[in-house]
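Engineer: Coordinates only, no sequence provided:
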């Protein structure tokens, strides 16, 4: 049984799931939907509020409320994702929504190790409507070849730090989804 | 005057100051900063470096500022309960036209406004959680928007006395006119915020969504603005702000407007079924003890003549505005990171109190730019704290703290230099 770990959140929204599901074979596969409550913003708040003298009591209470809000919003994303996925999958496929809390790239890799994932699917950027990349030679940076010996230039696509880390360290195959518009392979 | 040499009294006072600062920074077992400050004052009293009269005098001097703070804490807590900040953040999201970059700019502008009018504490403690709620409801990465809030709380806190406790302490102690202060600081404040926005748009370019997701829903209740509690609280808040500006213009103390606003808002909250005790709970009482205790400790240091010695070093050189501004602002920023910015301000105040009148304004402005913008460099306002944080986390490095430090290291020097350069170009305090 192959476990497919699909990471949903701001970089891969429930409405983009049908593209992912349609691109994969679901024979003998299960779907694990993962949402990670990112603790970095919460920690960032801790650090900033911790700099204010005499305010520690208020800080911890608010931080608790923020964590609960993040988990709630994530649970809604997971519920939407599960609802979007179910009609597009064969009935035998088990869908497991799953929420973890921590630094997303670390939690994604830990989850993949834990379930022995065969494939990780995640969004490339935090931008759900990132435009497709320009064709080679028309992007801004190093647009013009400088001579015959110059290697060919390719468009630059933004991978979020989370996506880059997961691609670099994944224990299995990784499928990276460019958000919004369908990703296109630039034609030469 | 006692000579600033290292006699026994000076040595003891310095030792007490350093122990207090070490405890304030390290906060062993979550110790509230107020206790080391009060303990330091008690130690100086026991050592004969402070008298009971000094303690009473310090309490008298800081009482206006502290009563003002208490009033404004109640005002902002009730405004929060009425949903004023949630509404404002939703408005900022709605006005972004679905663009993640414009949303970042709008959050900056909102943060700058809240900081300027209500203080950096309100931006960090109240607006930041609201912005987090807004971002997760919009299904976008909250991190850049939270950074925007916590940074603009520092970089946008130069303009009015009430924007930062450091400004309040200085303006109150030196008797600087409200409007002259605001007129001098307005341009450096604007430049600091603008440079901060530009750096963040570049720094977070990979984190910001180009378009906000269509399925986004607002964190605010759409009926909120029609509720009587919201309308009354917003109206009283506006009146309090008008009252503060009128008091400033008339060169009257600010605390009566804040206290009156707090009293009216407690009644407004009670009419909406919110008990006044909940609003009073929004007041951070330990902060008052901390400010009073630290002011007393610094008074003890003054008695040893150390601050006069420091003033002599600072003011003995011929005045060159650019040099004075750069050195004072830079030193204050470094000091605010090595120590906490409140004690740093109190020490600088003791130095400034003995300065020649012609130089005071410019040095005050440069100092405040340093102590206000500087703390954004390091989390918890102190370099020592981040080292401490790394040490206690033995299993690994605290990634978010290091990320915060990286963002600060890129942003703060540029923002600080831009604000100080603007002050120098203005020709100092006007």
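Structural biologist: It's in. Bear in mind the structure is a predicted one, so any value in this text is a computation, not a measurement.

Engineer: Least confident secondary structure element in chain B?
Structural biologist: Every helix and strand in chain B was compared by mean pLDDT, DSSP states H and E; the lowest is helix B:383-392, with a mean of 54.

Engineer: What parts of the stretch 51-200 of chain B come near chain A?
Structural biologist: B:100, B:120-121, B:124-125, B:128-129, B:132-133, B:136-137, B:139-143, B:146-147, B:149-150, B:153 (CB under 8 Å from any CB of the partner chain). C-beta here means a position set from N, CA and C on the backbone, and glycine is covered the same way.

Engineer: For the next helix-or-strand element following the least confident helix or strand of chain B, what is the distance to the chain centroid?
Structural biologist: Note on helix B:383-392: by DSSP states H and E, the next helix or strand toward the C-terminus is helix B:399-426. Its chain's C-alpha centre and that of helix B:399-426 lie 16 Å apart, by CA atoms, centre = their mean, to the nearest Å.

Engineer: Helix B:399-426 - contacts with which helices or strands?
Structural biologist: Packing partners of helix B:399-426 (3 or more CB pairs under 8 Å, 6 or more residues apart in numbering or on different chains; DSSP states H and E): helix A:39-50, helix B:143-155, helix B:178-203, helix B:321-338, helix B:357-373, helix B:383-392.

Engineer: For the stretch 301-430 of chain B, give me the ranges with low pLDDT.
Structural biologist: B:313-321, B:379-399, B:429-430 (pLDDT under 70).

Engineer: got it, and chain A?
Structural biologist: Those would be A:126-158, A:179-188, if you go by pLDDT under 70 across chain A.

Engineer: can you rerun that using 90?
Structural biologist: Applying pLDDT under 90 to chain A picks out residues A:1-2, A:10-29, A:40-63, A:85-93, A:123-162, A:177-188.

Engineer: likewise the stretch 51-200 of chain B?
Structural biologist: In the stretch 51-200 of chain B (pLDDT under 90), the answer is B:61, B:94, B:96-100, B:120-121, B:138-141, B:169, B:171-176.

Engineer: what are the ranges of the strands in it?
Structural biologist: Applying DSSP state E, counting those that start in this stretch to the stretch 51-200 of chain B gives no strands.

Engineer: related to what we said a few turns ago, export the helices and strands packed on helix B:399-426 to JSON lines and append columns for mean neighbour count and distance to residue B:226.
Structural biologist: Below are those laid out as JSON lines (neighbours: other CB atoms under 10 Å in any protein chain shown; distance: least, CB to CB, whole Å):
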{"stretch": "helix A:39-50", "mean neighbour count": "23", "distance to residue B:226": "31"}
{"stretch": "helix B:143-155", "mean neighbour count": "28", "distance to residue B:226": "27"}
{"stretch": "helix B:178-203", "mean neighbour count": "20", "distance to residue B:226": "32"}
{"stretch": "helix B:321-338", "mean neighbour count": "21", "distance to residue B:226": "44"}
{"stretch": "helix B:357-373", "mean neighbour count": "24", "distance to residue B:226": "38"}
{"stretch": "helix B:383-392", "mean neighbour count": "16", "distance to residue B:226": "45"}
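
Engineer: I'd like these laid out as CSV, including distance to residue A:59.
Structural biologist: Below are these laid out as CSV (distance: least, CB to CB, whole Å):
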stretch, distance to residue A:59
helix A:39-50, 4
helix B:143-155, 12
helix B:178-203, 23
helix B:321-338, 20
helix B:357-373, 20
helix B:383-392, 14
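
Engineer: quick one, which of the ones you listed is nearest to residue B:36?
Structural biologist: helix B:383-392 (13.9 Å; CB to CB).

Engineer: Now do the same for the residue nearest to residue B:57 when sequence neighbours are not counted: helix, strand or coil?
Structural biologist: Spatially, and ignoring its direct neighbours in sequence, residue B:57 is nearest to residue B:299 (7.8 Å; CB to CB, 6 or more residues apart in numbering or on different chains). With DSSP: H, G, I helix; E, B strand; the rest coil as the basis, residue B:299 sits in helix.

Engineer: Residue B:299 is in contact with residue B:54, isn't it?
Structural biologist: Yes - counting by CB atoms under 8 Å, residue B:299 touches residue B:54, with 5.5 Å between them.

Engineer: These two: who's more crowded?
Structural biologist: Comparing residue B:299 with residue B:54 by neighbour count (other CB atoms under 10 Å in any protein chain shown), the higher total belongs to residue B:299, at 22 against 19.

Engineer: And that one, what's its pLDDT?
Structural biologist: Confidence at residue B:299, expressed as pLDDT, is 88.

Engineer: quick one: contacts for it?
Structural biologist: Going by CB atoms under 8 Å, 6 or more residues apart in numbering or on different chains, residue B:299 touches B:50, B:54, B:57, B:58, B:350.

Engineer: pretty sure the first one is in contact with residue B:303, am I right?
Structural biologist: Yes - with contact defined as CB under 8 Å, residue B:50 and residue B:303 form a contacting pair (7.2 Å).

Engineer: quick one, which of the two is more surrounded?
Structural biologist: residue B:50 (25 against 19).

Engineer: Check the gap between that one and residue A:103 for me.
Structural biologist: Using CB to CB, to the nearest Å, we find residue B:50 at a distance of 48 Å from residue A:103.

Engineer: Next, count neighbours for residue A:18.
Structural biologist: 13.

Engineer: That one falls within a helix, correct?
Structural biologist: Yes - the assignment for residue A:18 (three-state DSSP) places it in a helix.

Engineer: got a list of what the closest residue to it other than its chain neighbours touches?
Structural biologist: Nearest residue to residue A:18, sequence neighbours excluded (CB to CB, 6+ apart): residue A:88, at 5.6 Å. Residues in contact with residue A:88 (CB under 8 Å, 6+ apart) are A:17, A:18, A:21, A:22.

Engineer: Report the buried members of these.
Structural biologist: Buried subset of the contacts of residue A:88 (neighbour count, 16 or more other CB atoms under 10 Å in any protein chain shown): A:17, A:21.

Engineer: of the contacts of residue A:88, closest to chain B?
Structural biologist: residue A:17 (12.2 Å; CB to the nearest CB).

Engineer: Check the gap between the closest one and residue B:65 for me.
Structural biologist: Counting by CB to CB, the gap from residue A:17 to residue B:65 is 55 Å.

Engineer: try residue B:78
Structural biologist: 21 Å.

Engineer: out of those two, which sits in the busier spot?
Structural biologist: residue B:78 (29 against 23).

Engineer: So which residues of chain A form helices?
Structural biologist: A:17-22, A:39-50, A:56-85, A:104-115, A:161-169 (DSSP state H).

Engineer: for those, which one ends up most surrounded?
Structural biologist: helix A:39-50 (a mean of 23; mean count of other CB atoms under 10 Å in any protein chain shown).

Engineer: Measure how it sits relative to helix A:104-115, angle-wise.
Structural biologist: 140 degrees (axes from the mean of the first three to the mean of the last three CA atoms, to 10 degrees).
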